[in-house]
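Participant: sequence and predicted model, in that order:
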Number of protein chains: 2
Amino acid sequence: MQTPFAAAVTERTRTLNTRLCVGLDPRLSEYQDAAHLRQHTLDVLEATAPYAAAVKPQLAFYEALGLEGMQILEEVCAAARLLGLPVILDAKRGDIGSTAEAYAQGWLTGRHAGAALTVNPFLGFQTLQPFVQAARENGGGVFVLVKTSNPDQADLQGEGRGGTSISERVAAEVARLGAEEDGEYASVGAVVGATHPADLPHFRALMPRALLLLPGLGAQGAKASDLAGAFHAGGTGALVSASRGVQYAAGLDVAAARTAARDFRDELNAALQ
Amino acid sequence: MQTPFAAAVTERTRTLNTRLCVGLDPRLSEYQDAAHLRQHTLDVLEATAPYAAAVKPQLAFYEALGLEGMQILEEVCAAARLLGLPVILDAKRGDIGSTAEAYAQGWLTGRHAGAALTVNPFLGFQTLQPFVQAARENGGGVFVLVKTSNPDQADLQGEGRGGTSISERVAAEVARLGAEEDGEYASVGAVVGATHPADLPHFRALMPRALLLLPGLGAQGAKASDLAGAFHAGGTGALVSASRGVQYAAGLDVAAARTAARDFRDELNAALQ
């Protein structure tokens, strides 16, 4: 089996000195047509790979293009594999029983073995099991939504009973799942918005063996300099994703996307000094 | 514009005297190959349509088959449209901002205009807006997860602050959105598990203008005779879905699937007497 997802990300962070996750969220409105979208997205992937610890296609944008978009998604994933770049499928899937098993089969096995998937825990902790099992068996990963980057996350992720927030309850389950595994980082990670910098040390401590995925850098207003609390000493344990700020840097100039990725990488590294 | 989703379902309930939603969740393990799966699924759709108020493909099972599965899903949706059968895309999507907009574009507009989509509210109430807007503009519908049918739903849908459950908070938002619309039923409905029969009158009262979608009949143990509390006087306002119990009735015998759908329809009608 190839290096499991969490180990592959961490190895890449150490080797290439990068904590950046490049988000690939192609919006048809930015392009002449789907062929243009496809080529530019693949070009951005290749151009930014040297500065990326992982790449994160957001499935919504591919689904919005119908079957043609799903074909492009498969091409993006195949290209990332050829580049040796770990893939996070940002799909936020979640369902019960055999339905969760079907999602896990579709996105964490076969041609997607070794990839990671974002999952939504709202349906219950038992519903995470098929995803976790598929990730473990196929060298992949799972990122459970713990505290999302949007301001209205508090509606259902905020205060719960007994002074523990819903986000903290999910974090405890992520930690419990992580403790079942060996290795530096477990296959079960967590999504914590980069837009909540003051919370990062707390969630870092609650989930000691989880890779944290921090969305919100750039377009959503989070700053690299605020994110040190998400990392362990040595600068591992977290990935910070930027999407629009890379893919659409200076319009559709691929060289600008490359520069933007390098700059985000450098800003994150500077924050860890 | 065609009859909006909620009105089409209600009209069908009244005309055909049915509250059944036929779930189409094709599992490859049950078939010789994908071609067999495709044909049987389309055959079950056609055979059960006279007894169905709506049809509900569960996207996980199509995604598990990769691009070929997504092609089959489009064929199922096209066939349902030809039969005049309202379609509920059971995808449980949920994301923020422009990502939610992309999901809504993919599943509630264009070739899927007039369909309904199940959505997960965990990311926050504002994240429901793009789905609701797309549904309203395209004559479609949204079913927000309020209380799912699985036993572990209480992990994150249960008790919240101040004695109000998380499910009740979501129900209040569904009611608020429904009150913004005219018409007998709003475009914003709710998923409430048929496995919680004692809760049905409460959720029915909390969301007076929402269509309720009740999964769990058959394989998950819910009984038609327990579900009267989900309906308004006159027997409208809810759809009860059965999947495995229809599609795999007596193996892969399409006539048996037809009989199973008719029997579920009759059991639901008997419960309303």
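Facilitator: Perfect, thanks for sending it.
Participant: how many neighbours does the residue nearest to A:Leu212 when sequence neighbours are not counted have?
Facilitator: In space, and not counting its chain neighbours, A:Leu212 is closest to A:Ala238: 4.2 Å by CB to CB, 6 or more residues apart in numbering or on different chains. For the C-beta atoms, the positions are set from N, CA and C on the backbone; glycine is no exception. Look at A:Ala238: counted by other CB atoms under 10 Å in any protein chain shown, it has 30 neighbours.
Participant: sheet partners, orientation included, of the helix or strand that A:Val22 is a member of?
Facilitator: Assigned by DSSP states H and E, A:Val22 belongs to strand A:20-24. In the sheet, strand A:20-24 lines up against strand A:54-57 (parallel), strand A:238-242 (parallel) (DSSP bridges).
Participant: for the stretch 51-200 of chain A, which segments are assigned as helices?
Facilitator: A:59-63, A:66-82, A:97-108, A:129-137, A:154-157, A:166-179, A:200-206 (DSSP state H, counting those that start in this stretch).
Participant: nearest to B:Ala190, of these?
Facilitator: helix A:154-157 (14.5 Å; CB to CB).
Participant: by contact count, what packs against the closest one?
Facilitator: Other helices and strands packing on helix A:154-157, by 3 or more CB pairs under 8 Å, 6 or more residues apart in numbering or on different chains; DSSP states H and E, are strand A:141-147, helix A:166-179, helix B:166-179.
Participant: name the residues that touch the shortest one?
Facilitator: The contact list for strand A:141-147, computed with CB atoms under 8 Å, 6 or more residues apart in numbering or on different chains, reads A:4-6, A:88, A:92, A:108, A:115-121, A:128, A:131-132, A:135, A:153, A:157, A:167, A:170-171, A:173-174, A:187-193, A:196, A:199, A:203, A:207, A:211, A:213, B:122-123.
Participant: now do the second one
Facilitator: Residues lying outside helix A:166-179 but in contact with it, judged by CB under 8 Å, 6+ apart, are A:121, A:125, A:128, A:132, A:144-147, A:153, A:156-160, A:185-186, A:188-190, A:203, A:206-210, B:155-156, B:166.
Participant: now those residues: which count as buried?
Facilitator: Buried by 16 or more other CB atoms under 10 Å in any protein chain shown: A:121, A:125, A:128, A:132, A:144-147, A:153, A:156-157, A:160, A:185-186, A:188-190, A:203, A:206-207, A:209-210, B:155-156, B:166, out of these.
Participant: re earlier: would you reformat the strands paired with strand A:20-24 as a markdown table and include mean pLDDT?
Facilitator: Below are the strands paired with strand A:20-24 laid out as a markdown table (pLDDT from 0 to 100):
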| stretch | mean pLDDT |
| --- | --- |
| strand A:54-57 | 98 |
| strand A:238-242 | 97 |
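Participant: I'd like the ones you listed laid out as TSV, including distance to A:Ala80.
Facilitator: Formatted as TSV, the strands paired with strand A:20-24 follow (distance: least, CB to CB, whole Å):
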stretch	distance to A:Ala80
strand A:54-57	5
strand A:238-242	14
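Participant: most tightly packed of these?
Facilitator: Ranked by mean neighbour count, the strands paired with strand A:20-24 are led by strand A:238-242 with a mean of 30 (mean count of other CB atoms under 10 Å in any protein chain shown).
Participant: any idea which helix or strand comes after that strand?
Facilitator: Downstream of strand A:238-242 (by DSSP H and E), the next one is helix A:244-247.
Participant: any idea of the mean pLDDT for the next helix-or-strand element following that following helix?
Facilitator: Downstream of helix A:244-247, the next assigned helix or strand under DSSP H and E is helix A:254-271. Taken as a whole, helix A:254-271 has a mean pLDDT of 97.
Participant: how about helix A:254-271: buried residues?
Facilitator: Under 16+ other CB under 10 Å, the buried positions of helix A:254-271 are A:254, A:256-265, A:267-268, A:271.
Participant: do stretch A:161-175 as well
Facilitator: Taking 16+ other CB under 10 Å as the criterion, stretch A:161-175 shows A:Ser165, A:Ile166, A:Ser167, A:Glu168, A:Arg169, A:Val170, A:Ala171, A:Glu173, A:Val174, A:Ala175 as buried.
Participant: could you give the bridge partners of the closest residue to the third one other than its chain neighbours?
Facilitator: The spatially closest residue to A:Ser167, leaving aside those adjacent along the chain, is A:Lys147, at 4.1 Å (CB to CB, 6+ apart). The partner list for A:Lys147 in beta bridges (DSSP bridges) reads A:Val192.
Participant: do A:Val119 as well
Facilitator: A:Arg93, A:Val144.
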